[in-house]
Each structure stands twice: as C-alpha cells, then as structure tokens.
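Enquirer: Build me a structure from this.
(4 chains)
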Number of protein chains: 2
Amino acid sequence: MAAPSSSDAERQRDKDRTRADILEVATREFADKGYTGARVDEIAERTSTTKRMIYYYFGGKEQLYIAVLEQAYLAIRALEAELDVEHLEPEDAVRRLAELTFDHHEAHPDFIRLVSIENIHRAEHIARSEVLAGLANPALDGLTQILERGRAAGRFRTDVDPLDVHMVISSFCVFRLANRHTFAAIFGRDMLDPDRREHQRRMLGDMLIDYLTS
Amino acid sequence: MAAPSSSDAERQRDKDRTRADILEVATREFADKGYTGARVDEIAERTSTTKRMIYYYFGGKEQLYIAVLEQAYLAIRALEAELDVEHLEPEDAVRRLAELTFDHHEAHPDFIRLVSIENIHRAEHIARSEVLAGLANPALDGLTQILERGRAAGRFRTDVDPLDVHMVISSFCVFRLANRHTFAAIFGRDMLDPDRREHQRRMLGDMLIDYLTS
DNA sequence: ATTAATGTACGAACTAGTGAGTTCACGTTA
DNA sequence: TAACGTGAACTCACTAGTTCGTACATTAAT
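Expert: Next comes the predicted model:
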C-alpha cells in the first residue's frame, strides 16, 4: 500500500512498517491473552523485530496496549462510517443496520475480545486515551436519523431512545461472540453455528421492528 | 449458623470456616483482577489465614479459581431454582422471567465479571470442572414450558427456540453490566443509571412479547 | 560525522508454589 | 488423671522461575 522510500527488496529500516508489524502482532496477543496475560517478550518474538523496538516506538506495555485499542476502534469506526442506510425506508433501515452490526461483529472477534478485556479493566485505558475518550459513533448517528424518520412518519413508537436501541442491537451481536464459550460449555450449543445464523439474524431484525412498530 | 464444637469465642481451628473465608476473598480478587491478574499473595493477605493454607485446601491457584467458579454458578442456580412462573399466563410469565433475570444480574455483578473473565479464557476452567460442565439451568426449563404453553394456546409464534429466547434475555441483561465501562467511556452514559432502569426493564419485556406474539 | 534505528545481554522485582517445622484438640494408656 | 501419641490445621521463610524494562553496543542513512 504505502510506497517505501527505498526499493522493495531491502526494507530493513522502515519506521512505519516496523510499527505496523508490532501493532498487528500485539493486537493478536492482547486479544488472545488479555492485558495482564499478554507477554511483551512473546509479542517481540512473533515480530520481525526485537523487544527493544517495542519500547523504542511505544514506550511500554501499557502504551502499546492503548495503541492497539486505538487502532482497533478507529478501524471499526471507519468501517461503520461506510454503511449508508439513509435511502431506505425506516423499517428496512433498522433491519439493515442490525444485520450489518451482526455481520460486522462476527467478522471481528478480536475486537470483541479487546472490548471485553477492556471492560474487565473498567475501561481505564480507554479513559487514558485522548483518541478514544468520547469517540463519535457513525452507526449511532445513522440510527438516530432512522428513528426520527420512522417517528415522523407515525410508524415508530415515540418512547424510544437511539442509544437504547443501539444497546439492544449491540448486546445481541456482542453476546454471541463474547459469551460463546461459557454458553457452549453450559448449554452445549455453539452460538456461532452457521446453521442457526440466518435464523438469529432475522430474529434480531424481527424483534426490533415488532417492538418499534408496536 | 453451624454450631461449632468448641465455644463461640475461640474458633481458631475451623476447617470449614477457613475454606469459606478463602473462597470468599478469592471470589472478590478473581472477579476484580481476572484470573491472571489475581495474586495468590493478595488473597492470602486479605484472608484471616496464610497462603500456605490456600495450597493446603485447594491445591493451587487454578483449582482455587475453579472452586470459585463452581460456588458462584451453584449459588446463582440455586436462586434461579426458586423462581416459579408456572402459574402465570404465558405473556406474564415471559415478562416476569425476563424481569427476574434483569434484577438478578444487576444484583450479582461479580458473577457477571467472572463469566466474562472465563470467556476470555475460552471457558477452559469450566470445561475442567466436573461440577459445571453441562450444569442444568432451571430458568431455561421454566422458559421451555412457558413457550410451549403459549404456543399451544395459539398465542406465541411457532418458530421460537427456548435457547434463542434465553439468549436474547441474557444478552440484554448481561450487556448492561459486562460492557458498562466501555459504553460509558464511549457514549458517556451509565447503563446502570437508576433513572433509566425501569424503562430498560420494561423495554426488554415489551420487545419479547411483541416478538413472541407477532 | 551525526543521528536515527536496531540488536544483545542483563537485572531488579515479582510470583506461584514448597519444605520443614509448630501448635492444637483429642483419644489412649499407665 | 496426667503423661503421651497422633494427625489435622497452621506458620514462616525460602526458592525456582518469570517478566518488564534498560544499559550498552552496533549498524545504516543522510
């Protein structure tokens, strides 16, 4: 993607590439083991560079973790910004938004894990990040407009708050991934089973529409 | 409660009490810091006994953690077993069950945290526990009967699976607690705000009924 | 030549787990 | 009844191994 200043073959010294490499490996390690469980030495070993570079570029374990969080949130937000549901009827727009979130979360399990991990730590690292504290959410803005249109058309109930609806969608989509393992251990059912996927996806949309139009 | 063989004042040597004491402190520490973040020394210090006793009674950090999980799940299940909604109309029963779950989760944040933590670890400890692997769920049994009654009476849609409904209820109730911190950091809203509690509680019930009867 | 980038080796602090010995309650025996 | 034996419950100090972070040396680029 990015054109290196030097030729392709020998890119031994490449600040951006080294940083990106560290960040990618670190994301996997943190998502896999949690903040406390992650090992700086382990990250260093899986990188094409050394531990020294982690401290050189990021400063320390915690700052590296915050950088991982920032990158993950920004990437997700960038994807969300692309969804446009403005042109659809309110009902279809809600359903489409829910389904996009559904697909979206399923496609990014590492992000869900990072969020879970960050919640265990009471979001202390997000709070410490200037980038993330109060980061806007495009999906929520879209939802707000949809609900307003539906309400204006007299088709949606009037006592709904966008953030509450967002919460319902998120909770359903996040739960399937975040609680997958205990759910399977206790109930013996994999919530990500492809055979039940379509049913669950439609169920979420149905539920939202039934509620909003009741 | 339990009558000690010796007099009340000096119960220096009490196997059950020591074990229970360790387990209670350990529950707090694990729920607070996660499995990896929890420190055996810290648990020992907050206990009225010593670290050596933890190893004496439980064997090690991991076995102690599993014992904590087992106790937490059994306590929750015992509470759930008490709820009886058999006598209610299907609609009221569903709503009541959802509201009980709602209250229940809110009242046991440590349990929710332990579940989150266990999911980060891919439920490997639950899988290792003979007590927990495949533990029955009274709430789910109740729900199954309610849905059958509703369906038999021609009032509920026929394509609903009890476990899917359970999933909807759990996801909503768990999300409020489990993702409270990142949600607050990003959106600036505390999902446990008492002012919005009733609205959320009713919303969950409405959504379920609207969906089931549509 | 100067500086940015990188590699290696090491250390201070921490952490789970253990070795070895002590205290207490209680039953047995002289 | 008093000395003794016994095993469970308990204390303290220690160790082997890990983990984050850094001092110092080295290489490449301008």
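
Enquirer: can we go C-alpha only for contacts and neighbour counts from here?
Expert: OK.

Enquirer: Now A:Met191: closest residue in space that isn't a chain neighbour?
Expert: Sequence neighbours aside, A:Arg176 is the residue nearest to A:Met191 in space, at 5.6 Å (criterion: C-alpha to C-alpha, 6 or more residues apart in numbering or on different chains).

Enquirer: was I right about that neighbour contacting A:Arg196?
Expert: No - using C-alpha atoms under 8 Å, A:Arg176 makes no contact with A:Arg196, being 11.7 Å away.

Enquirer: out of those two, which sits in the busier spot?
Expert: Between A:Arg176 and A:Arg196, counted using other C-alpha atoms under 10 Å in any protein chain shown, the more crowded position is A:Arg176 (21 against 12).

Enquirer: Can you show me the CA trace of the helix or strand harbouring that one as CSV?
Expert: Assigned by DSSP states H and E, A:Arg176 belongs to helix A:162-178. Provided in CSV are the C-alpha atoms of helix A:162-178 (Å, rounded to 0.1, in the frame of the first residue of the first chain):
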residue,chain,number,x,y,z
PRO,A,162,-31.5,5.8,19.9
LEU,A,163,-28.9,4.7,22.5
ASP,A,164,-31.3,2.2,24.0
VAL,A,165,-31.9,0.7,20.5
HIS,A,166,-28.2,0.7,19.9
MET,A,167,-27.8,-1.2,23.2
VAL,A,168,-30.2,-3.9,22.2
ILE,A,169,-28.5,-4.4,18.8
SER,A,170,-25.0,-4.4,20.4
SER,A,171,-26.0,-6.7,23.3
PHE,A,172,-27.4,-9.3,21.0
CYS,A,173,-24.5,-9.2,18.5
VAL,A,174,-21.8,-8.9,21.1
PHE,A,175,-23.2,-11.7,23.3
ARG,A,176,-23.0,-14.3,20.6
LEU,A,177,-19.3,-13.8,20.4
ALA,A,178,-18.3,-12.6,23.9
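
Enquirer: outside of it, which residues touch it?
Expert: Defining contact as C-alpha atoms under 8 Å, 6 or more residues apart in numbering or on different chains, one finds that helix A:162-178 is touched by A:98, A:101-102, A:105-106, A:109, A:112-113, A:116, A:140, A:143-144, A:147, A:191-192, A:204, B:116, B:119-120, B:167-168, B:171-172, B:174-175, B:200.

Enquirer: interface residues of chain A facing DNA strand C?
Expert: Proximity of chain A to DNA strand C (C-alpha under 7 Å from any atom of the strand) is limited to residues A:Gln12, A:Arg13, A:Asp14, A:Lys15, A:Thr18, A:Thr49, A:Thr50, A:Lys51, A:Arg52, A:Met53, A:Tyr56.

Enquirer: In strands only, show me the residues you listed.
Expert: Using DSSP state E, no member of the residues of chain A next to DNA strand C falls in strands.

Enquirer: how about the most centrally placed residue in chain A, what does it touch?
Expert: For chain A, A:Phe111 is the residue whose C-alpha lies nearest the centre (C-alpha atoms, centre = their mean; 4.4 Å). By C-alpha under 8 Å, 6+ apart, the residues touching A:Phe111 are A:Ala31, A:Ala72, A:Tyr73.

Enquirer: Where does pLDDT dip in chain A?
Expert: Applying pLDDT under 70 to chain A picks out residues A:1-13.

Enquirer: 80 instead?
Expert: For chain A, applying pLDDT under 80 flags the ranges A:1-15, A:134, A:136.

Enquirer: which parts of it sit against DNA strand D?
Expert: Residues of chain A lying near DNA strand D (C-alpha under 7 Å from any atom of the strand): A:11-13, A:36-41, A:51-52, A:55, A:59-62.

Enquirer: could you pull out the helices for chain A?
Expert: Here chain A has its helices, by DSSP state H, at A:15-37, A:40-46, A:51-58, A:61-82, A:90-107, A:109-120, A:124-128, A:138-152, A:162-178, A:180-187, A:194-212.

Enquirer: by contact count, what packs against the fourth one?
Expert: It stands for helix A:61-82. Counting contacts by 3 or more C-alpha pairs under 8 Å, 6 or more residues apart in numbering or on different chains; DSSP states H and E, helix A:61-82 is packed against helix A:15-37, helix A:51-58, helix A:109-120, helix A:124-128, helix A:138-152.

Enquirer: so which of those helices gets nearest B:Leu79?
Expert: helix A:109-120 (24.9 Å; C-alpha to C-alpha).

Enquirer: wouldn't A:Thr50 be in contact with A:Ala44 here?
Expert: Yes - if you go by C-alpha under 8 Å, A:Thr50 and A:Ala44 touch, sitting 5.2 Å apart.

Enquirer: related to what we said a few turns ago, any idea how far A:Asp159 is from the residue nearest to A:Met191?
Expert: Separation of A:Arg176 from A:Asp159 (C-alpha to C-alpha, to the nearest Å): 27 Å.

Enquirer: Next: A:Ala72.
Expert: For A:Ala72 relative to A:Asp159 (C-alpha to C-alpha), the value is 33 Å.

Enquirer: Which one's more surrounded, the two?
Expert: A:Ala72 (20 against 10).
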